[in-house]
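>>> Just a sequence and a predicted model for now, questions to come.
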Amino acid sequence: MELIEQISLVDLLLAASFIVILTGLSFLERLRLEKDFLIGAARAFAQLYIVGGILVYLFATRHPGIIVLFLIVMLAVATHTAVARQTKRVRNIYPIIWFSLIAGSGITMFMLTEVIMRWKPWYRPEYLIPIAGMIIGNCMNGAALAAERLTADIRSNRQLIEAKLALGASSFQASRTFIIRSIRASLIPSINSMMVVGIVQLPGMMTGLIIANQSPVMAVRYQLVIIYAIAFSVGITSMLVVYQSYRQFFTRAHQLIDDL
Amino acid sequence: MKVVVDHISKTKQLRIEGTDHRESLNVLRDVNFSVEPGEIFTVIGPSGSGKSTLLRLINRLEQPSSGRILYDGTDITAIDVLMLRNKISLVGQTPIVLDGSVEDNLRYPLSLRKTPLPASFRSTATTHVERVGLTAAFLPRYSHQLSEGEKQRLCIARALMNEPDVLLLDEPTATLDPTTANRLLLTVKALNNALRLTIIMVTHQMEHAKLVGHHTCLLVNGTIVEQNRTEEFFAHPQSAVTRSFINGEV
Ligand SMILES: Nc1ncnc2c1ncn2[C@@H]1O[C@H](COP(=O)(O)OP(=O)(O)OP(=O)(O)O)[C@@H](O)[C@H]1O
Ligand SMILES: [Mg+2]
């Protein structure tokens, strides 16, 4: 297999001139985005270099314990990010999202490593880390979207929910519409991306494989496995989030809590 | 069935926007009364006196801070809450109709049960819409296209689908014009007569309490100022507060 074309540090500096030119244009056009461009570019630089360093280390050690630890850190950051995005937080949102992300992405990763891909050994970091990253990232977005939507819907439909409770509905029955809506909302991005994948843009993983001289056929197969796995994991995660979250709005006696 | 409200108090926490500060508010203070089976008990009182809260406690949409409520001699907290809400049905202050037709609305309470929809559903639905002064022609109509008064009636008919023993009505006449309000009050009376339904009706309009009530109580600032047989209540008010409320001064 041929080696991938190299990028030298000089090449990288030349690429940075994209940002320098853009910043200059921003100044001339008074977009007042100069600072944001520079900070954004610097952050991207630092973050990617740090991750690159960590990956070099992970690929070198190939120790399953350390790789799993890295996955746990990814999950923790994803949980924190999903929680931070909530404008109004459900009680127990941290454990709910933490558990759902672990379960949703865990089940999916298990099926990928044990049933579908069967890497030897299962923790091969070159495969496991990037694929787990894509799955966890999508689950994080799904969980955040589902929790946000459910909270907003329940808060703005108090009267309707209480009217249903008063007719003898259980908390589940009274929130059913909103449970369904928030799970749907969290899945729509996955469905949309399946609908348009490849039409305008080649997806990142496929692009990467093609650049790395893999046959497009293999790149396509990898990409399909990933988008199916992402849709599944997002669905499981957001269902788990929603089925645990709605309960936080009610007492055991099927009363809508006052202080939402 | 008899309903006893036994030394009920309710404190609510007021949340002040933008702070963590909570303020306690005594919404109900040591409220006592009992409602005999088959009677219409009316609760009157100014806005904010705790009338809605009182009904919500009886239906267990809220929990009292102290005291208990007995239904047929049993503390309501000892009864399965979903069953209780079938037996003691609350029709809220603002009529909330569900998406779909009038018939869909009437089907909703039955759809919550594990049992399949009874074959008699349509005839029961028709009976109940007619009871509240609508006709079978309303059944296929889209519920959001009803007038406020029609929605109010639909909500009562919907509550009746559960075949409750006790009906809790929160200001059923508040949004209605005098003619429609009077018709609704006649409906309330008829329901009480025809179904031996025990009714607790909240209103801030004295004439309405006077027209349908067997017993009436006045709630001011969360406290019952006076309660009596409705005729007596209005003919010989004992307390000065009642007299001024009757004269529209509270
Ligand atoms: N969720 C709540 N949290 C805190 N205080 C509340 C809450 N709901 C109502 N209150 C307060 O409790 C008091 C009683 O409210 P309630 O709705 O029972 O009054 P009401 O007698 O039904 O009034 P109205 O005739 O206007 O409907 C009011 O002062 C109200 O501001
Ligand atoms: Mg009220």
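That came through, no problem. Ligands and ions are numbered 1, 2, ... in the order given.

>>> What about the nearest residue to A:Pro121 once chain neighbours are set aside, how many residues nearby?
Spatially, and ignoring its direct neighbours in sequence, A:Pro121 is nearest to A:Pro64 (7.3 Å; CB to CB, 6 or more residues apart in numbering or on different chains). Heads up, the C-betas are built off the backbone N, CA and C, glycines and all. A:Pro64 sits with 14 neighbouring residues when counted by other CB atoms under 10 Å in any protein chain shown.

>>> Read off the pLDDT value for A:Pro64.
Per-residue confidence (pLDDT) for A:Pro64: 92.

>>> Alpha carbons of the helix ranked longest in chain B, as PDB, please.
Taking DSSP state H as the assignment, the helix of chain B that covers the most residues is helix B:178-195. Provided in PDB are the C-alpha atoms of helix B:178-195 (Å, rounded to 0.1, in the frame of the first residue of the first chain):
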ATOM      1  CA  PRO B 178     -75.200  35.200  31.500                       C
ATOM      2  CA  THR B 179     -77.500  33.100  29.300                       C
ATOM      3  CA  THR B 180     -75.000  30.300  28.600                       C
ATOM      4  CA  ALA B 181     -73.900  30.400  32.300                       C
ATOM      5  CA  ASN B 182     -77.500  29.900  33.400                       C
ATOM      6  CA  ARG B 183     -77.900  27.000  31.000                       C
ATOM      7  CA  LEU B 184     -74.700  25.500  32.400                       C
ATOM      8  CA  LEU B 185     -76.000  25.900  35.900                       C
ATOM      9  CA  LEU B 186     -79.200  24.100  35.000                       C
ATOM     10  CA  THR B 187     -77.000  21.300  33.600                       C
ATOM     11  CA  VAL B 188     -75.100  21.100  36.800                       C
ATOM     12  CA  LYS B 189     -78.400  20.800  38.700                       C
ATOM     13  CA  ALA B 190     -79.700  18.200  36.300                       C
ATOM     14  CA  LEU B 191     -76.500  16.100  36.600                       C
ATOM     15  CA  ASN B 192     -76.900  16.200  40.300                       C
ATOM     16  CA  ASN B 193     -80.500  15.100  40.000                       C
ATOM     17  CA  ALA B 194     -80.200  12.500  37.300                       C
ATOM     18  CA  LEU B 195     -77.000  10.800  38.300                       C
END
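
>>> Next secondary structure after it?
strand B:198-203 (DSSP states H and E).

>>> Relative to the whole chain's centre, how far out is the helix or strand hosting A:Ile180?
Using DSSP H and E, A:Ile180 sits in helix A:171-196. Computed by CA atoms, centre = their mean, to the nearest Å, the separation of helix A:171-196 from the middle of its chain amounts to 16 Å.

>>> Check which residues of it are buried.
A:171, A:173-175, A:177-179, A:182-183, A:185-187, A:189-190 (16 or more other CB atoms under 10 Å in any protein chain shown).

>>> OK, contacts around residue 239?
Picked chain A for this. A:Met239 sits next to A:Ile183 when contact means CB atoms under 8 Å, 6 or more residues apart in numbering or on different chains.

>>> looking at chain B here, not the other one
Counted by CB under 8 Å, 6+ apart, B:Ser239 has contacts B:218, B:225-226.

>>> hmm, 10 Å instead?
By CB atoms under 10 Å, 6 or more residues apart in numbering or on different chains, the contact set of B:Ser239 is B:218, B:220, B:225-226, B:245.

>>> what does B:Leu55 give?
A:166, B:43, B:61-62, B:88, B:90-93, B:168-171, B:200-202.

>>> How about B:Gly67?
B:5-10, B:28, B:30-32, B:57.

>>> ditto for B:Glu171
Per CB under 10 Å, 6+ apart, neighbours of B:Glu171: B:51-52, B:55, B:91-94, B:152, B:201-205, B:208.

>>> picking that back up, can you tell me which of the contacts of B:Ser239 end up in strands?
B:218, B:220, B:225-226 (DSSP state E).

>>> and those, which are buried?
B:218, B:220, B:225-226.

>>> so which of those residues comes closest to ligand 1?
Nearest to ligand 1 among those, counting by CB to the nearest ligand atom, is B:Val220 at 9.6 Å.

>>> In chain A, what residue lies closest to ligand 2?
Distance from ligand 2 to each residue of chain A (CB to the ion) is smallest for A:Gln159, at 12.5 Å.

>>> Could you check how far whichever helix or strand that residue is part of is from the centre of its chain?
A:Gln159 belongs to helix A:158-166 when elements are defined using DSSP H and E. Centroid displacement of helix A:158-166 relative to its chain, using CA atoms, centre = their mean, is 34 Å.

>>> and that helix with ligand 1, contact?
No. Helix A:158-166 does not reach ligand 1 (CB under 6 Å from any ligand atom); its nearest approach is 9.5 Å.

>>> That helix packs against which elements?
helix A:125-156, helix A:171-196, helix B:51-58, helix B:81-87, strand B:88-91, helix B:102-111, helix B:148-160 (3 or more CB pairs under 10 Å, 6 or more residues apart in numbering or on different chains; DSSP states H and E).

>>> May I see the ones you listed organised as JSON lines, with mean pLDDT and distance to ligand 2 added?
Formatted as JSON lines, the helices and strands packed on helix A:158-166 follow (pLDDT from 0 to 100; distance: least, CB to the ion, whole Å):
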{"stretch": "helix A:125-156", "mean pLDDT": "94", "distance to ligand 2": "20"}
{"stretch": "helix A:171-196", "mean pLDDT": "95", "distance to ligand 2": "21"}
{"stretch": "helix B:51-58", "mean pLDDT": "96", "distance to ligand 2": "3"}
{"stretch": "helix B:81-87", "mean pLDDT": "96", "distance to ligand 2": "19"}
{"stretch": "strand B:88-91", "mean pLDDT": "96", "distance to ligand 2": "12"}
{"stretch": "helix B:102-111", "mean pLDDT": "96", "distance to ligand 2": "22"}
{"stretch": "helix B:148-160", "mean pLDDT": "93", "distance to ligand 2": "14"}
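
>>> Compare these and give me the one nearest B:Glu232.
helix B:51-58 (20.9 Å; CB to CB).
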